[in-house]
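Trainee: This is a predicted model, with the sequence first.
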Amino acid sequence: MTTYVLLIIVLALLFDFLNGFHDAANSIATVVSTRVLTPGFAVIWAAAFNFLAVYTMGLAVAATIGKGIVTPESVNNHVILSALFGAIAWNLLTWWLGLPTSSSHALVGGLIGAALCHAGPGAIVVAGVRKTVLFIFISPFAGLLLGYINMIAVSWIFRRTAPSRVDRLFRRLQIVSAAFYSLGHGANDAQKTMGIISILLLTAGVTDHFHVPNWVVFSCGSAMALGTLSGGWRIVHTLGARVTKLRPVGGFCAETAGATSLFVATHLGVPVSTTHTITGAIVGVGATSRLSAVRWGVAGRIVWAWVLTIPAAASVAAATYYLTARFAP
């Protein structure tokens, strides 16, 4: 394994760390904003289940990223380096702006931009990209619908229960729902970097066919967990307080809706955005009280960031490819 390949693996693990850092808000925003857990304990709780997830949910998403967005033949070390740089740059920018965008789609955009520069339009696996883009719309809508249904169902079931009893019960239940959501988040998101490193090993000749080695699984799970432990407090504030005001019962309904969506997508091998899913679920919960409970201006700003993620990351990756191609080994 050459020094160049090792450097790209380190960059991939940095992306995974930043993914956990950037997307920590997805796992903990609801449980922190409802004050069920302190921020410090919440990130430890989320990080533990992020790490556990990589050993419990299979590797279908890793295969999609590794083989289903661009053809393996169109990928080389420099394409992967440029894709990672594009994704990292977009993640850092949106973290600074406090926008809960998708690390997954930033990585997909980076791959597309770099592969197009290297091999042209034939590099793109149209079916895989179409499925990923389709879920940009499906995942937030699924989260919204499930969050809305969950909140309506819980409100009806506990309609004759004293609010104080409901609050106490869902303070306990929200700890469980936060764990399940973190499990879904870790399962879907850590696999994306596993797919990138695995295709890198194949193109570098380290492996003779596409598969995810155990050390890659462990490394990516660890990087994701460490990133989550570092937290992304700007985005926590946006999701947990600025979109709508949550109580423990609402946090439970949103997390349950998000976890359900992520488990289904991971089983199908679809690299969805955990950010889109939980944001949609929070909006769905807020909309059950009244539409004005949702701050639609903030939500609209988030949606624009979602729309721009793939083309923005692709543009940065393409520029990186052209600027550094002459220096690549």
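Mentor: Structure's in. What do you need?
Trainee: and the gap between residue 249 and residue 260?
Mentor: According to Cβ to Cβ, to the nearest Å, residue 249 and residue 260 sit 17 Å apart. The way it works is simple: take the backbone N, C-alpha and C, and place the C-beta from them, glycine included.
Trainee: go on, residue 143?
Mentor: 9 Å.
Trainee: The two: which is more packed in?
Mentor: More crowded of residue 143 and residue 260, by other Cβ atoms under 10 Å: residue 143, with 30 against 20.
Trainee: Could you list the low-confidence segments of the protein?
Mentor: 1, 22-27, 29, 33, 98-101, 231-246, 290-306, 325-329 (pLDDT under 70).
Trainee: Look through it and tell me its longest helix.
Mentor: helix 163-203 (DSSP state H).
Trainee: elements contacting it?
Mentor: helix 3-33, helix 39-53, helix 60-67, helix 77-97, helix 103-119, helix 214-230, helix 248-268, helix 274-287 (3 or more Cβ pairs under 8 Å, 6 or more residues apart in numbering; DSSP states H and E).
Trainee: Next, the angle helix 103-119 makes with the last one.
Mentor: So the one you mean is helix 274-287. Helix 274-287 and helix 103-119 are oriented at 140 degrees to each other (axes from the mean of the first three to the mean of the last three Cα atoms, to 10 degrees).
Trainee: same deal with the third one?
Mentor: Between helix 60-67 and helix 103-119, the angle formed by their directions is 20 degrees, by the same axes, to 10 degrees.
Trainee: In PDB, could you pull the C-alpha coordinates for helix 60-67?
Mentor: Provided in PDB are the C-alpha atoms of helix 60-67 (Å, rounded to 0.1, in the frame of the first residue of the first chain):
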ATOM      1  CA  ALA A  60     -25.600  -2.900   1.500                       C
ATOM      2  CA  VAL A  61     -25.100   0.900   1.600                       C
ATOM      3  CA  ALA A  62     -21.300   0.500   1.400                       C
ATOM      4  CA  ALA A  63     -21.800  -1.500  -1.800                       C
ATOM      5  CA  THR A  64     -24.000   1.200  -3.300                       C
ATOM      6  CA  ILE A  65     -21.400   3.900  -2.600                       C
ATOM      7  CA  GLY A  66     -18.600   1.700  -3.800                       C
ATOM      8  CA  LYS A  67     -20.200   0.500  -7.000                       C
END
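Trainee: Enumerate the positions of it that are buried.
Mentor: Using 16 or more other Cβ atoms under 10 Å as the test for burial, helix 60-67 gives 60-67.
Trainee: now the nearest residue to residue 262 once chain neighbours are set aside: how far from residue 104?
Mentor: Nearest residue to residue 262, sequence neighbours excluded (Cβ to Cβ, 6 or more residues apart in numbering): residue 184, at 3.1 Å. Separation of residue 184 from residue 104 (Cβ to Cβ) stands at 13 Å.
Trainee: Same check on residue 208?
Mentor: Distance from residue 208 to residue 104, by Cβ to Cβ: 28 Å.
Trainee: what does residue 201 give?
Mentor: Taken as Cβ to Cβ, the span from residue 201 to residue 104 is 21 Å.
Trainee: got it, and residue 34?
Mentor: 26 Å.
Trainee: Looking at those two, which one has more neighbours?
Mentor: When neighbours are counted by other Cβ under 10 Å, residue 34 and residue 104 differ, and residue 104 comes out ahead with 30 against 23.
Trainee: Could you double-check that the more buried one sits in contact with residue 273?
Mentor: Yes: using Cβ atoms under 8 Å, residue 104 is in contact with residue 273, at 5.2 Å.
Trainee: ok, residue 79 - contacts?
Mentor: 70, 111, 114-115, 117-118, 321 (Cβ atoms under 8 Å, 6 or more residues apart in numbering).
Trainee: Return the backbone torsion pair for residue 70.
Mentor: When read as degrees, to the nearest 10, the backbone of residue 70 gives phi -130, psi 150.
Trainee: Bridge partners for it, pull those for me.
Mentor: residue 124 (DSSP bridges).
Trainee: Go ahead and confirm it touches residue 111.
Mentor: Yes: assessed by Cβ under 8 Å, residue 70 is found in contact with residue 111 at 5.4 Å.
Trainee: more crowded one of the two?
Mentor: Between residue 70 and residue 111, counting by other Cβ under 10 Å, residue 111 is the more crowded of the two (34 against 27).
Trainee: Without its sequence neighbours, what residue ends up closest to the more buried one?
Mentor: residue 83 (4.5 Å).
Trainee: Now do the contacts for that neighbour.
Mentor: By Cβ under 8 Å, 6+ apart, the residues touching residue 83 are 107, 110-111, 113-115, 196, 317.
Trainee: Quick check: the farthest pair among these?
Mentor: Greatest spatial distance in those: 113 and 196, 14.3 Å, computed using Cβ to Cβ.
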